[in-house]
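S.K.: coords please:
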Amino acid sequence: MRSPVAAVLSDPGYRRLFVSGLFVNVARWVDLVTLGWLALQLTGSPFLVGLAAFARTAPLMVVGPFTGIVADRVSRARMLVVAQAVAAATALLLALVFGSGLGGYGVLVACEVVLGLTWTLDFPARRTSLYSLLGAARVAQAVSLETVSMQVAKIVGPLLAGACLARLGPAASFTLMAAGYAGGLIACLGLGPRLQGPGLARTMSVAESLRAGLATAWGHSTVRAVLLVTIAMNTLFFPYQHMLPVFARDVLAVGPVALGALVAGEGCGSLLGALAIASGRSGLAYRTLFGGSVLVAPALLIALSGSRWLALGVVLLFLMGLAESGFAAMQTTLVLLSVPDRVRGGVMGILSACIGTQPLGTLTIGLLAAGLGTPLTFTLNAVAALVVIVPLAIPLVRGEPQP
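M.R.: Modelled structure (predicted):
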């Protein structure tokens, strides 16, 4: 009998989607590290680092529900092609501007807004495509493999970005980012009619589609819990990623190569966790895995806030990555399995908007880090996350049946 991973990868459409996702995710992690480090070098302000991250992710919060509706109405393959083409062109523009010495903070932020808009197209189109290609029986493995590609990228992207920034400068990082998006674009060109949105969705107005998606999401107890936990994780927990350049420079007293090692340590943990989930070896029900992951991750962030050694920081980020992989894979899986086809894209758009609340957290963490220091800010954010998450996650950990 073939392994679950082999069964999923035997689908040629999914293989293209997987390769595309790998290229795109490498480009995004190159962007994340380059954006944080470059914004810090240009301004010296933790708050402005947070503001730049806000520009990158705010479009997802505002536009996400509407692009999710678009994914129910048009070719999802076409949405993916448009997203990667615009992202590649924007990255090339950044490379040219900073390579010529004309780049500044304002140009950086403006281009990051455009990159954020491409993400609003990519997220619902890519995630609903997993269900369209493979169906309910294999969607958990498909999402887990998508998480694997994200975690491979989290290892490769930061290391490449750190090396480029240290030796060649930001223009090289942006060129590398453009190449990643171009690779994602080429892989998407072979995706076909299987990724057309459901026809029923096109008979509803945009307002009706939005109302139907919201009603479905809020009316399902598991989906509601996932959405609320997602907001808490993205506003209170994940913003720490944007402050890692500040933590590396001011607390650990290291440079961009060591920063890449810190982020890659998290990526290694996430990769190991995602591989375990994709192979079916986690041994936990979906809801239990999701709930346990979101309880452990903030506790590890508290431990990281007390670390003053690079090696310990890498280990703690590795463990955080393990927990984050459970959250990332089960977040999408639980939503895809819980909602009907006619509103699946719309609900994924709502999920993307919940993920897009992260800019609120990045602004807040930038302000707090500027006034209180990064370690204390990490601790306060993690405690606040646990206060919100515990009552939502404990019922899931207690063993609700697997979907």
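S.K.: following the helix or strand harbouring Pro65, which helix or strand comes up?
M.R.: Element membership for Pro65 (DSSP states H and E) is helix 46-71. Downstream of helix 46-71, the next assigned helix or strand under DSSP H and E is helix 76-99.
S.K.: quick check, pLDDT for the residue nearest to Gln358 when sequence neighbours are not counted.
M.R.: Counting by CB to CB, 6 or more residues apart in numbering, Gln358 lies nearest to Asn234, which is 4.1 Å off, once chain neighbours are set aside. Yep, even glycine has a C-beta here, placed from its N, CA and C like the rest. Model confidence at Asn234, given as pLDDT, is 90.
S.K.: now do Val229
M.R.: Val229 is given a pLDDT of 93.
S.K.: surely it is in contact with Leu392?
M.R.: Yes: if you go by CB atoms under 8 Å, Val229 and Leu392 touch, sitting 5.3 Å apart.
S.K.: who has more neighbours, those two?
M.R.: Neighbours were counted for Val229 and for Leu392 using other CB atoms under 10 Å; Val229 has more, 25 against 18.
S.K.: I'd like to know which elements the helix holding Pro65 is packed against.
M.R.: helix 12-43, helix 76-99, helix 105-167, helix 206-219, helix 240-246, helix 344-355, helix 358-372 (3 or more CB pairs under 8 Å, 6 or more residues apart in numbering; DSSP states H and E).
S.K.: which residues in the stretch 151-300 of the chain form helices?
M.R.: For the stretch 151-300 of the chain, helices defined by DSSP state H, counting those that start in this stretch occupy the ranges 170-188, 206-219, 221-232, 240-246, 256-278, 286-305.
S.K.: same for the last one, what does it pack against?
M.R.: Counting contacts by 3+ CB pairs under 8 Å, 6+ apart, helix 286-305 packs against helix 221-232, helix 310-338, helix 374-397.
S.K.: out of those helices, which comes closest to Gly267?
M.R.: helix 310-338 (6.2 Å; CB to CB).
S.K.: and the closest one, what's its mean pLDDT?
M.R.: Mean predicted confidence for helix 310-338 is 87.
S.K.: cool, and stretch 249-257?
M.R.: Averaging pLDDT residue by residue across stretch 249-257 gives 83.
S.K.: coming back round to it: what are the buried residues along the helix holding Pro65?
M.R.: Across helix 46-71, burial judged by 16 or more other CB atoms under 10 Å covers 46-61, 63-71.
S.K.: OK, contacts around Val397?
M.R.: Residues in contact with Val397, defined by CB atoms under 8 Å, 6 or more residues apart in numbering, are 287-288, 291-292, 295.
S.K.: tell me how far the closest residue in space to it that isn't next to it in sequence lies from Val226.
M.R.: Nearest non-adjacent residue to Val397, counting by CB to CB, 6+ apart: Gly291, 4.0 Å away. To Val226, Gly291 is 10 Å away according to CB to CB, to the nearest Å.
S.K.: under the pLDDT cut-off, which ranges of this structure? List them.
M.R.: 1-7, 10, 72, 135-137, 192-209, 280-284, 399-403 (pLDDT under 70).
S.K.: buried residues in stretch 364-377, which are they?
M.R.: Those would be 364-366, 368-370, 373-375, 377, for stretch 364-377 by 16+ other CB under 10 Å.
S.K.: pick out the most distant pair among these.
M.R.: Farthest pair in those, by CB to CB: Thr364 and Pro375, 16.1 Å.
S.K.: which of the contacts of Val397 has the most neighbours?
M.R.: Busiest of the contacts of Val397 [other CB under 10 Å] is Gly291, holding 28 neighbours.
S.K.: list the contacts of that residue.
M.R.: 392-397.
S.K.: cool, Ser100 as well?
M.R.: Ser100 touches nothing, counting by CB under 8 Å, 6+ apart.
S.K.: what distance do you get for it to Leu93?
M.R.: With distances taken as CB to CB, Ser100 is found 11 Å from Leu93.
S.K.: now for Thr377: which residues touch it?
M.R.: So Thr377 contacts 243, 305, 365, 368-369 (CB under 8 Å, 6+ apart).
S.K.: Val263: which of those is nearest?
M.R.: Using CB to CB, the contacts of Thr377 come closest to Val263 at Met243, 11.8 Å.
S.K.: circling back: now the contacts of Gly291 in a markdown table, with distance to Val152?
M.R.: Converted to a markdown table, the contacts of Gly291 look like this (distance: CB to CB, whole Å):
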| residue | distance to Val152 |
| --- | --- |
| Leu392 | 30 |
| Ala393 | 27 |
| Ile394 | 32 |
| Pro395 | 33 |
| Leu396 | 28 |
| Val397 | 28 |
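S.K.: and those residues, which is closest to Val107?
M.R.: Leu392 (40.5 Å).
S.K.: state the distance from the closest one to Ala153.
M.R.: 29 Å.
S.K.: next one: Ala87
M.R.: 14 Å.
S.K.: more crowded one of these two?
M.R.: Looking at Ala87 and Ala153 with other CB under 10 Å, you find the greater number of neighbours at Ala87, namely 29 against 25.
S.K.: the more buried one contacts Leu117, doesn't it?
M.R.: No: applying CB under 8 Å as the test, Ala87 and Leu117 come out as separate, 9.2 Å apart.
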